[in-house]
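**Student:** fold the following, please.
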Amino acid sequence: MLDRATLSLYRRLLTYITPYKGMIAITLFAILVIAAMEPATAMVLKELVDESLIAKNPDSFVLIPLLLAGVFIVKGIAEYFSKVFSQWIAEKAILAIRKDMYHKMQHLPFDVFQSYSTGKLMSKITYDVPQASNALSTAWVTLIRDTLTVFALLTYLLYISWQLTLILFLIGPVVAWIIDKASKLMRHSSKAMQSNMGQLTQRLEESLTAHQDIKVYGAEQYEQNRFQFSATELLNNTMKVTKVSALNVPLVQILAAIALAGIVYIALQMSAENQFTTGELLAYITAMALVFEPIRRLTSVNEVIQKGMAASESIFELLDQPDEPNNGQKILTKLHGELEFENVDFNYPNSQDRALVNLNLKIPAGQTTALVGQSGSGKSTLVNLIARFYDPTSGQIRLDGENIQALDRVFLRQQIALVSQKVTLFDDTVAANIAYGLNNVSHTKIMAAAKAAYAWEFIEKLPQGLDTNIGENGNQLSGGQRQRLAIARAFLKNAPILIFDEATSALDNQSEKMIQSAMDNLRQNRTVIIIAHRLSTIENADQIAVLDQGKLIELGSHQTLIESRGFYAKLYQLGHDIDA
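**Tutor:** Alright, predicted model coming up:
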C-alpha cells in the first residue's frame with residue numbers, strides 16, 4: 001500500500017501539516033484514547049459476565065455499568081476532537097497548498113503557460129487539491145487510529161490466548177498481497193482520472209468562453225460529443241477505481257471471516273474444557289470481532305491514499321516547475337526609453353523554425369514605431385521579447401544601452417504599459433480595473449485617466465459610476481467600452497514605454513477618432529510601439545518597421561516606404577488592412 005516512492009510523496013505532502021504540531025499532538029492523543037477504548041470494551045464485558053452474571057458480585061452491579069458508560073463517553077469525546085482537529089489541520093494544509101500553487105502560477109515562465117491548457121491548470125486547484133486533502137484528513141487519522149486499535153486488540157487477544165491469536169496472523173501475508181495489488185491498480189486509474197478531469201475542465205472552459213462561435217457555426221452537437229467523450233473516460237476510470245476498491249474490501253473480509261469461524265470453533269472447544277471462563281470467551285470473541293472493522297477501514301483507506309497520491313504527483317509536478325528567472329539586478333535611475341535589437345534570433349520552444357532571424361532594429365526614445373507584417377511575421381514575438389516573456393535565443397535587446405537581461409525583471413515591466421487587441425478585464429469595479437496593479441490611487445487620478453481615454457462619458461452613466469462591477473472580463477460592457485477601459489489603465493500607469501496592439505480595433509469611427517487624438521497626446525516624450533493591422537492608423541508614426549518571416553525587410557516613414565514601392569506600398573495599396 002505504501003511503497004518507498006509513495007511514502008516519500010506522502011511525507012512531502014505531510015510537510016503541509018507539520019506547522020500545526022500542537023493540534024497534531026492533541027489529535028494523536030485523542031486517537032490513542034480511541035484505540036485504548038476498544039480492548040477496554042471487551043474487558044468490561046468480561047467482568048460483566050464473570051463478576052455480575054455468574055459470580056453475582058453486588059459491587060459490580062453499579063461499577064460495571066458505570067465503566068461501560070465511561071468507555072463509550074470517553075471514546076465519543078476523543079472521536080469528536082480527533083475528527084474536528086484533523087479536519088482543521090487538513091483545511092489549513094489545503095489553504096497552504098492552494099496558496100503555493102497560485103503563487104507558482106503567477107511566477108511560471110511564459111512558455112509553461114503555453115504548454116498547459118487553462119482547464120488543466122484549473123483542474124489542479126479545483127480537483128487535485130481536494131483529492132490530496134483527503135489523504136491529509138481521512139487517511140493519516142485512519143492509518144494511525146486503526147493501526148493502534150488493531151495493535152491494542154491483538155495485544156489483548158494474545159494476553160487471553162496467544163495460541164488462538166496466532167491463527168489470525170496467518171492471513172496477514174495474504175491480506176498484504178491483496179492490498180499491494182489493489183494499490184497499483186488504483187494508482188494507475190487515479191492518474192488517468194486526474195488527466196480526464198483536466199480534459200473535462202478544458203472542454204467546459206472552452207465551451208463557455210466560445211459559446212457565440214459554437215452557436216454561429218452550429219457546433220453544439222460536436223462540442224456535446226467532445227464533452228461526452230471526456231466525461232465517459234472519467235466515468236470509466238472512476239469505475240475502475242471503485243471496482244478494485246469494492247473487491248478489495250470483501251476479499252479481506254472473507255479471509256477474516258474464515259479465520260474468525262475457525263477461531264470461534266476452537267475457542268468453544270477450549271471453553272468446554274474449562275480453559276476459558278465464560279467472560280473470557282465472550283471478551284475474546286468480542287475483541288476479535290472488533291479487530292475486523294479497523295482492518296476493513298485500513299483496507300478501504302487505500303483508495304483514498306492512492307487517489308491522494310496521484311493528485312499529489314500532479315500538484316508537485318506544478319510546484320516543482322522552476323520560477324520565471326529574475327537574474328537581472330540593475331535598475332535604471334533615469335529612463336529615456338530607447339530600445340535596440342542587435343542580431344536577435346528567437347526560436348519558440350519545440351519549434352524548428354525561427355520566429356525572428358538576425359533582427360537589427362533601433363526604436364528611438366520618445367518616438368512612435370509601428371510594426372507591420374502578415375500573420376507569423378514576428379510582430380508579437382518582438383513585443384514578447386521586450387517584456388521578457390521570452391529571452392532571445394541569441395543576440396541582445398538593449399534599453400538605453402543596457403542589456404535588458406541585466407535589468408531587474410520587475411523594474412523592466414514597470415516601465416511598460418500594454419494594450420492588446422484582446423482586452424483583459426476582471427470581475428471587479430471600473431475603478432479597480434483602471435487602477436489594476438497600482439496601490440492607493442485616488443478616484444481623481446482614475447477619473448482623469450478615464451477622461452483621457454474617452455471612457456468617462458459611459459462610466460458616469462453606470463449605476464455606481466467608478467464603483468460599478470463590470471462582471472467577468474467586463475461582460476457588462478460593449479467591446480468599445482472594454483477597449484477604452486484598457487486604454488485608461490495604460491494611461492494611468494504612465495509608463496515610459498507604451499505598446500499598442502491595434503488598441504482601437506474594437507471602437508466605432510467616432511470613438512476611434514477620440515482615441516487617436518488621446519494617443520497623439522500620450523505619445524509626447526514616450527516610446528510608443530504599435531502593432532498595426534489597419535495601415536491607415538499608423539500613417540503618422542515616426543518610423544514603420546516591416547517584418548516578413550521574422551526578418552526586417554523595410555524601415556522608414558510612411559511616405560518614404562510608399563515612395564520606395566516595396567512590400568509596404570503593396571500592402572497599403574491592397575486596402576489599408578493587413579492580416580494580423
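
**Student:** and the strand or helix carrying L63, what does it pack onto?
**Tutor:** Element membership of L63, judged by DSSP states H and E, is helix 60-106. In terms of contacts (3 or more CB pairs under 8 Å, 6 or more residues apart in numbering; DSSP states H and E), helix 60-106 is packed against helix 21-47, helix 129-134, helix 140-160, helix 278-319. For the C-beta atoms, the positions are set from N, CA and C on the backbone; glycine is no exception.

**Student:** which of the residues in the shortest one are buried?
**Tutor:** If I follow you right, that is helix 129-134. 129, 131-134 (16 or more other CB atoms under 10 Å).

**Student:** for the first one, same thing?
**Tutor:** Taking 16+ other CB under 10 Å as the basis for neighbour counts, the residues of helix 21-47 that come out buried are 23-24, 26-28, 30-47.

**Student:** where do the strands of this protein begin and end?
**Tutor:** Remark: strands assigned in the chain by DSSP state E are 339-347, 354-363, 368-372, 394-399, 402-403, 416-419, 497-501, 527-531, 543-548, 551-556.

**Student:** any residues touching the fifth one, and which ones?
**Tutor:** With contact meaning CB atoms under 8 Å, 6 or more residues apart in numbering, strand 402-403 is reached by 330, 332, 396-397.

**Student:** tell me how far that strand lies from the chain's centre.
**Tutor:** In terms of CA atoms, centre = their mean, to the nearest Å, the centre of strand 402-403 is set 36 Å apart from its chain centre.

**Student:** what strands line up against that strand, and which way round?
**Tutor:** Its sheet considered, strand 402-403 pairs with strand 394-399 (antiparallel) by DSSP bridges.

**Student:** how big is the angle separating the partner strand from strand 354-363?
**Tutor:** Calculated by axes from the mean of the first three to the mean of the last three CA atoms, to 10 degrees, strand 394-399 forms an angle of 30 degrees with strand 354-363.

**Student:** hmm, who's touching strand 394-399?
**Tutor:** For strand 394-399, the external contacting residues (CB under 8 Å, 6+ apart) are 332, 335, 337-345, 358-359, 385-386, 403-405, 407, 412, 415.

**Student:** from the centroid of the protein, which residue is nearest?
**Tutor:** Ranked by distance to the mean C-alpha position of the chain (CA atoms, centre = their mean), the top residue is I125 at 3.1 Å.

**Student:** that one and R98 touch, don't they?
**Tutor:** Yes. Taking CB atoms under 8 Å as the definition, I125 is a contact partner of R98 at 5.9 Å.

**Student:** surely S133 is in contact with K92?
**Tutor:** No. Applying CB under 8 Å, one finds S133 not in contact with K92, separated by 10.3 Å.

**Student:** I285 - how many residues pack around it?
**Tutor:** When neighbours are defined as other CB atoms under 10 Å, I285 has 17 of them.

**Student:** doesn't V264 make contact with it?
**Tutor:** Yes. Between I285 and V264 there is a contact under CB under 8 Å: 6.3 Å.

**Student:** what about P58, neighbour count?
**Tutor:** Neighbours of P58 (other CB under 10 Å): 10.

**Student:** got it, and M239?
**Tutor:** Using other CB under 10 Å: M239 sits among 12 other residues.

**Student:** what about it, distance to Q224?
**Tutor:** M239 sits 22 Å away from Q224, going by CB to CB, to the nearest Å.

**Student:** can you select the buried ones among the contacts of strand 394-399 for me in ChimeraX?
**Tutor:** For the buried members of the contacts of strand 394-399, the matching ChimeraX selection, counting by 16+ other CB under 10 Å, is:
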select :335,337,338,339,340,341,344,359,385,386,404,405,407,412,415
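
**Student:** so who does W140 touch?
**Tutor:** Applying CB under 8 Å, 6+ apart, we find W140 in contact with 14, 86.

**Student:** against L14, how distant is it?
**Tutor:** 7 Å.

**Student:** pLDDT-wise, which helix or strand of this protein ranks last?
**Tutor:** One helix or strand of the chain scores below all others by mean pLDDT, DSSP states H and E: helix 211-216, with a mean of 61.

**Student:** quick one, domains of this protein?
**Tutor:** 4-319, 337-415+497-580, 425-494 (automatic domain parsing).

**Student:** could you dump the ones you listed into CSV with distance to P325 added?
**Tutor:** Output for these, formatted as CSV (distance: least, CB to CB, whole Å):
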stretch, distance to P325
domain 4-319, 8
domain 337-415+497-580, 8
domain 425-494, 21
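
**Student:** mean pLDDT for the ones you listed: which is lowest?
**Tutor:** For the domains of the chain, mean pLDDT drops lowest on domain 4-319, to a mean of 78.

**Student:** re earlier: nearest to N326, out of the domains of the chain?
**Tutor:** Nearest to N326, of all the domains of the chain, is domain 337-415+497-580, at 4.4 Å by CB to CB.

**Student:** and the closest one, how far out from the chain's middle?
**Tutor:** 34 Å.

**Student:** please apply the same query to stretch 115-124.
**Tutor:** Taking CA atoms, centre = their mean, one finds the center of stretch 115-124 at 7 Å from the center of the full chain.

**Student:** and stretch 9-27, by the same measure?
**Tutor:** For stretch 9-27, the distance to the chain centre is 21 Å (CA atoms, centre = their mean).

**Student:** what's the answer for stretch 303-315, then?
**Tutor:** That offset, for stretch 303-315, works out to 14 Å (CA atoms, centre = their mean).

**Student:** output that stretch as PDB, nothing but the C-alphas.
**Tutor:** Taking C-alpha atoms only, stretch 303-315 is exported to PDB below (Å, rounded to 0.1, in the frame of the first residue of the first chain):
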ATOM      1  CA  GLU A 303      -8.400   4.000  -2.200                       C
ATOM      2  CA  VAL A 304      -8.200   7.400  -0.500                       C
ATOM      3  CA  ILE A 305      -4.400   7.200  -0.300                       C
ATOM      4  CA  GLN A 306      -3.900   6.200  -3.900                       C
ATOM      5  CA  LYS A 307      -6.200   9.000  -5.200                       C
ATOM      6  CA  GLY A 308      -4.400  11.400  -2.900                       C
ATOM      7  CA  MET A 309      -1.000  10.300  -4.100                       C
ATOM      8  CA  ALA A 310      -2.000  10.500  -7.700                       C
ATOM      9  CA  ALA A 311      -3.300  14.000  -7.100                       C
ATOM     10  CA  SER A 312      -0.200  14.900  -5.100                       C
ATOM     11  CA  GLU A 313       2.000  13.900  -8.000                       C
ATOM     12  CA  SER A 314       0.000  16.300 -10.200                       C
ATOM     13  CA  ILE A 315       0.300  19.100  -7.600                       C
END
